[in-house]
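1. structural data only, the sequence is not supplied:
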């Protein structure tokens, strides 16, 4: 079960904006929220490389008010565990964040409203499923519970795919819109045809957007993701072994035998729940030559070592990369926002698939080991 690390598709708290007047310092951004007075809220500039904080305030009387004036552009409000992008400008814009769906009024709000309506329907179906998942995960994981969790995970995945299918055509109705770029990032689209379609669409935008950080991020994402499609050469990653030695995936992959990359963390429940199935796969195919390149992104090497020992991992190829968001981390190199990540690489060093269910991994390995040695296959 995926766990988003950086962003979530939905948000429980929503926000709005108000323009400023030149003669008196009025609020540039206000929002109506259901939060206790005194709750801290932060404003991030999404046009900066690291989305830096530019202002802070507190909820007062059910409202969030930012008075310091910021340049026109896309920002994000962060409060408690919630985050939502907003567009600031000199033109007054307001949002009722207590409404479902949230209601924007003012200039440049069409895409915000269109997305909010689709997201509200998605959240209505998603929340009960996620609530049941969390409740089950807190209890004893019996075979029956494990089967139900798997069923719920499938329903969540199908629902999310449907949501993406509805949002994508909406985004494309609004060219030259920074929020469209932000939504594309949130949707984490990986379909090769859809990415090419989006790249072609971006080429029709006004040239003034070419140097914007969001445009660069989206184009970089598409470039990286294109290099990670099936039948493309694997992307090398590194880790540190139990003895402190640096190890690279290229020492194993492309050497004639398949390699399964597993990126996980000791704090990731979905990773831990999937380990028994991964153990079964390894034990089934290890005699035939399967290698597991298992990399943790735990910040603490001690926590990683403790988890490896506690889990009793049957392979010795365990490594750690403690800088999860570093440009060279396994997550960044394989373009993923969530854990666990798996990547199956065939004996020729080509990507067979990524983030596959264990059943599909088993099927693919059965195919690989059932073929003549050295056979070159185009994977579909």
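-> Cool, the structure landed. Computed from a prediction, not measured in an experiment: that's the story for all the values here. Numbers count the residues shown, from 1 in each chain.

2. switch to C-alpha atoms for all contacts and neighbour counts from now on
-> Noted.

3. need the pLDDT of the closest residue to residue 66 other than its chain neighbours.
-> Of all residues not flanking residue 66 in the chain, residue 29 sits nearest, at 5.1 Å (Cα to Cα, 6 or more residues apart in numbering). As predicted, residue 29 sits at a pLDDT of 83.

4. is residue 29 in contact with residue 87, as I believe?
-> No - the criterion here is Cα atoms under 8 Å, and residue 29 misses it with residue 87 at 9.2 Å.

5. quick one, which of the two is more surrounded?
-> In terms of neighbours (other Cα atoms under 10 Å), residue 29 is the more surrounded of residue 29 and residue 87; the figures are 27 against 20.

6. residue 86 versus that one, what's the distance?
-> As defined by Cα to Cα, to the nearest Å, residue 29 lies at a distance of 9 Å from residue 86.

7. quick one, helices of the chain?
-> Applying DSSP state H to the chain gives helices spanning 110-137, 143-171, 178-187, 192-202, 213-227, 269-285, 301-311, 330-333, 358-369.

8. what's the residue nearest the centre of the chain sitting at in phi/psi?
-> By Cα atoms, centre = their mean, the chain has its centre lying nearest to residue 337, at 2.8 Å. Torsion angles at residue 337 (phi, psi; degrees, to the nearest 10) stand at phi -100, psi -10.

9. which helix or strand in this structure has the lowest average pLDDT?
-> strand 3-4 (a mean of 38; mean pLDDT, DSSP states H and E).

10. what's the most buried one of the helices of the chain?
-> helix 330-333 (a mean of 21; mean count of other Cα atoms under 10 Å).

11. so residue 44 sits against residue 51, correct?
-> Yes - the pair residue 44 / residue 51 is scored as a contact, 5.5 Å apart, by Cα under 8 Å.

12. neighbour count winner among these two?
-> Taking other Cα under 10 Å, residue 44 and residue 51 do not tie; residue 44 has more neighbours (22 against 13).

13. show me the contacts for the more buried one.
-> Residues in contact with residue 44 (Cα atoms under 8 Å, 6 or more residues apart in numbering) are 51-55, 75-78.

14. I'd like to know which of the residues you listed are buried.
-> 53, 55, 75-78 (16 or more other Cα atoms under 10 Å).

15. which among these gets closest to residue 126?
-> Using Cα to Cα, residue 78 comes nearest to residue 126 of those, at 21.9 Å.

16. for that closest one, which non-adjacent residue is spatially closest?
-> Here the residue nearest residue 78, using Cα to Cα, 6+ apart, is residue 42, at 5.0 Å.

17. number of residues surrounding that neighbour?
-> 19.

18. offset the numbering so it begins at 452, please.
-> Yep, numbering from 452; the last one is residue 493 now.

19. before we move on, back to that, check the spacing between the residue nearest to the centre of the chain and residue 782 real quick.
-> 7 Å.

20. just residue 804 next, same as before
-> Taking Cα to Cα, one finds residue 804 at 15 Å from residue 782.

21. chain neighbours aside, what residue packs nearest to residue 773?
-> residue 750 (4.3 Å).

22. so how far is stretch 740-748 off the chain centroid?
-> Here stretch 740-748 is found 22 Å from its chain centre; the criterion is Cα atoms, centre = their mean, to the nearest Å.

23. try stretch 668-683
-> With Cα atoms, centre = their mean as the basis, stretch 668-683 stands 15 Å off its chain's centre.

24. again with stretch 590-610
-> With Cα atoms, centre = their mean, you get 20 Å for stretch 590-610.

25. repeat that for stretch 494-512.
-> With Cα atoms, centre = their mean, you get 21 Å for stretch 494-512.

26. my read: residue 756 touches residue 691, true?
-> No - using Cα under 8 Å, residue 756 is not in contact with residue 691, being 11.4 Å away.

27. hang on, the earlier thing: what about the residue nearest to residue 773, neighbour count?
-> 15.

28. pretty sure it sits against residue 780.
-> No - contact criterion Cα under 8 Å: residue 750 and residue 780 do not qualify, at 11.7 Å.

29. tell me, what's touching the two both at once?
-> 772, 774.

30. next, the contact list for residue 663, please.
-> By Cα under 8 Å, 6+ apart, residue 663 lies in contact with residue 498.

31. show me the beta-bridge partners of the closest residue to residue 769 other than its chain neighbours.
-> Computed as Cα to Cα, 6+ apart, the closest residue to residue 769 that is not its neighbour in sequence is residue 745, at 5.0 Å. According to DSSP bridges, residue 713, residue 769 are recorded as the beta-bridge partners of residue 745.

32. pLDDT weak spots in the stretch 452-601 of the chain?
-> For the stretch 452-601 of the chain, the stretches with pLDDT under 70 are 452-476, 478.
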